[in-house]
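**Student:** Generate a structure from the sequence data that follows.
(one chain, ligands or ions: 2)
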Amino acid sequence: MLNFEFHNPTKVLFGKGQIAKIKNEIPEGSKVLMVYGGGSIKKNGVYDQVTKALEDFEVVEFQGVPPNPEYAILMEAVKIVKDQNIDYLLAVGGGSVIDGVKFISSAAKFDGEDAWDILAKGIRTYEGVPFGTVLTLPATGSEMNSGSVITRAETKEKRTMGGPGLFPQFSVLDPEVVHSIPKRQIANGLVDSFSHVIEQYLTYPVAAKLQDRIAESVMQTLIEVAPKIMKDPSDYDAASDFMWSCTMALNGLLRMGTPNDWATHMMAHELTALYGIDHARTLAIIHPSHLRHNFEDKKEKLAQYGERVWGIRGGTIEEIAEQAIQKTEEYFHSLEIDTKLSAYTEDYEGTAEIIAKRFKERGWEGLGERKNVTPDDAAKIVSMSY
Ligand code: NZQ
Ligand code: ZN
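**Tutor:** Ligands and ions are numbered 1, 2, ... in the order given. From the prediction side, this is the model:
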């Protein structure tokens with residue numbers, strides 16, 4: 001096992017009725033900016049529960065953070081925070097709203113000239129405006145981590161940011177919110193969280209037995225609840241397992257003491273930036289090609305995954321590893337998620353070259369757990385995904 005330091009300060013309030021408790025978590029007398037998305041919370045009762053819980057606070061609302069949170073829109077909220085002396089932020093939504101609030105938190109305290117530098121120059125955030133979240137869509141794990149991904153339509157870019165100042169102070173995880181999520185978004189959540197485990201697990205063995213077993217458990221739980229939650233999102237027990245698995249997949253625990261990949265996410269973000277494809281679907285496009293292109297580096301963990309998660313028995317390491325990739329593709333297909341770029345856009349020719357060029361410009365010469373995925377490798381992987 002590799003050395004590690006683990007610190008996750010986010011308080012989780014899990015279960016039915018927990019939204020009411022946010023009033024105890026926000027410091028008394030705070031002026032709160034409540035940030036949400038396109039309005040799903042007004043149809044499913046979440047808005048009413050949150051505004052009731054905030055009765056004793058002065059609240060300003062900011063509606064309209066879109067999926068793949070847009071920089072220009074978030075900058076409007078940053079202005080409100082500064083102009084109206086907001087001292088607490090509350091994200092009510094999925095990963096996009098939570099990530100958007102992380103950006104607002106950081107940018108409102110940023111003293112540089114151009115807030116986009118936080119993303120473009122990878123400036124870490126050590127102190128932001130404090131915030132909490134009410135999660136409405138299990139998927140990203142953003143509710144219990146300090147990362148954020150922001151999109152800029154003007155330049156067709158999607159970049160990451162983070163830092164120890166960007167953990168939510170608290171997050172409410174009420175599985176009852178799952179009942180109103182459209183099937184397509186449930187499928188996205190199942191694939192995104194599964195992919196987060198793959199990124200931290202399908203690397204090379206480092207004798208981290210506990211992390212391996214936790215990772216395998218998260219994947220097995222997702223596979224087991226997938227058909228139930230796809231069929232009936234109001235199944236509270238299935239929604240609970242789904243929600244907590246998504247949080248556990250990316251709250252930092254799995255990556256401790258283990259190598260981490262994340263090359264798939266980096267390539268996938270470019271597909272969203274270029275074509276607007278849902279985050280989870282871009283992961284399903286890239287994963288199989290990435291695993292096949294880096295097969296020699298990953299085959300031991302792939303075989304372990306094949307045996308333990310998919311129950312594949314017999315055959316050589318290579319045979320089990322290849323079957324494990326096929327099982328992963330079948331899992332994505334079972335959720336009605338296509339794994340080829342051409343299923344999403346006719347305009348895919350040239351994508352591989354554009355992505356390789358962007359990676360070169362950013363100096364991303366070696367991605368992945370061995371830092372050996374070059375921009376040319378990325379081009380090959382992306383073209384294998386057409
Ligand atoms: O905007 P509203 O009206 O709320 O509708 C949303 C949105 O249209 C809807 N929705 C959310 N909760 C709902 C609901 N509809 C009905 N009932 C509910 N309870 O779902 C749509 C998608 O929401 P979004 O927040 O965009 O989805 P998701 O949670 O998948 O977030 C995706 C974003 O997170 C980033 C992705 O790149 C993408 O930008 N990620 C963030 C990560 C992180 N911070 O750690 C890691 C991930 O790898 C990922 O990159
Ligand atoms: Zn993801």
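**Student:** For the closest residue to S146 other than its chain neighbours, which residues are in contact?
**Tutor:** In this structure, S146 finds its nearest non-sequential neighbour in L166, 4.1 Å apart by C-beta to C-beta, 6 or more residues apart in numbering. Using the backbone N, CA and C atoms, a C-beta is placed for each residue, glycine as well. Residues touching L166, when contacts are defined by C-beta atoms under 8 Å, 6 or more residues apart in numbering, comprise 102, 105-106, 125, 128, 146-148.
**Student:** again with N3
**Tutor:** G257.
**Student:** Now do the contacts for the most centrally placed residue in the chain.
**Tutor:** Nearest to the mean C-alpha position of the chain, counting by C-alpha atoms, centre = their mean, stands T140 at 2.8 Å. Contacts were defined as C-beta under 8 Å, 6+ apart; by that measure T140 touches 94-95, 98-99, 192-193, 246, 250, 279.
**Student:** give the contact list for D212.
**Tutor:** Residues in contact with D212, defined by C-beta under 8 Å, 6+ apart, are 201, 304.
**Student:** Buried residues, the helix or strand hosting it. List them.
**Tutor:** Mapping D212 onto the secondary structure by DSSP states H and E places it in helix 209-231. Counting neighbours by 16 or more other C-beta atoms under 10 Å, one finds that the buried residues in helix 209-231 are 211-212, 214-216, 218-219, 221-223, 225-226, 229-230.
**Student:** Stretch 343-355 now?
**Tutor:** Using 16+ other C-beta under 10 Å as the burial criterion, the residues of stretch 343-355 that qualify are 344, 348, 351-352, 355.
**Student:** Identify the residues contacting it?
**Tutor:** Stretch 343-355 has contacts (C-beta under 8 Å, 6+ apart) with 267, 270-271, 274-275, 277, 281, 285, 338, 341-342, 375, 378-380, 382-383, 386.
**Student:** what's the span of it, first residue to last?
**Tutor:** Taking C-alpha to C-alpha, to the nearest Å, the first and last residues of stretch 343-355 lie 19 Å apart.
**Student:** Let me see the mean pLDDT of that stretch.
**Tutor:** Across stretch 343-355, the average pLDDT comes to 97.
**Student:** cool, stretch 31-49 as well?
**Tutor:** Throughout stretch 31-49, pLDDT has a mean value of 98.
**Student:** next one: stretch 116-135
**Tutor:** For stretch 116-135, the per-residue pLDDT averages 98.
**Student:** what about it, start to end distance?
**Tutor:** Between where stretch 116-135 begins and where it ends, there is a gap of 26 Å, by C-alpha to C-alpha.
**Student:** Can you narrow the contacts of L166 down to the ones near ligand 1?
**Tutor:** Applying C-beta under 6 Å from any ligand atom to these, one finds that 147-148 fall near ligand 1.
**Student:** Top of the contacts of L166 by number of neighbours, please.
**Tutor:** Compared across the contacts of L166, K102 has the highest neighbour count, 32 neighbours, by other C-beta atoms under 10 Å.
**Student:** Apart from its neighbours in sequence, what residue is nearest that residue?
**Tutor:** Counting by C-beta to C-beta, 6+ apart, S148 is the residue found nearest to K102 once chain neighbours are left out, at 3.8 Å.
**Student:** Likewise for F57?
**Tutor:** Sequence neighbours aside, V32 is the residue nearest to F57 in space, at 5.0 Å (criterion: C-beta to C-beta, 6+ apart).
**Student:** List the strands paired with the strand or helix carrying that neighbour, with their directions.
**Tutor:** Under DSSP H and E, the secondary-structure element containing V32 is strand 31-36. In the sheet containing strand 31-36, the strands it pairs with under DSSP bridges are strand 58-63 (parallel), strand 88-93 (parallel).
**Student:** Dump those into TSV; add distance to ligand 1 and mean neighbour count as well.
**Tutor:** TSV is the format used below for those (distance: least, C-beta to the nearest ligand atom, whole Å; neighbours: other C-beta atoms under 10 Å):
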stretch	distance to ligand 1	mean neighbour count
strand 58-63	9	16
strand 88-93	5	28
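**Student:** would JSON lines of those with distance to E25 and mean pLDDT be doable?
**Tutor:** Putting the strands paired with strand 31-36 into JSON lines (distance: least, C-beta to C-beta, whole Å; pLDDT from 0 to 100) gives the following:
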{"stretch": "strand 58-63", "distance to E25": "15", "mean pLDDT": "98"}
{"stretch": "strand 88-93", "distance to E25": "10", "mean pLDDT": "98"}
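**Student:** May I see the ones you listed organised as JSON lines, with distance to M75 added?
**Tutor:** Putting those into JSON lines (distance: least, C-beta to C-beta, whole Å) gives the following:
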{"stretch": "strand 58-63", "distance to M75": "12"}
{"stretch": "strand 88-93", "distance to M75": "15"}
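**Student:** and the helix or strand immediately after the strand holding V32 in the chain, C-alpha only, in PDB?
**Tutor:** Beyond strand 31-36 in the direction of the C-terminus, DSSP H and E gives the next helix or strand as helix 40-43. As requested, C-alpha coordinates have been extracted for helix 40-43 and formatted as PDB (Å, rounded to 0.1, in the frame of the first residue of the first chain):
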ATOM      1  CA  SER A  40     -36.700  20.100 -11.200                       C
ATOM      2  CA  ILE A  41     -36.600  20.900  -7.500                       C
ATOM      3  CA  LYS A  42     -39.800  22.900  -7.800                       C
ATOM      4  CA  LYS A  43     -41.700  19.900  -9.200                       C
END
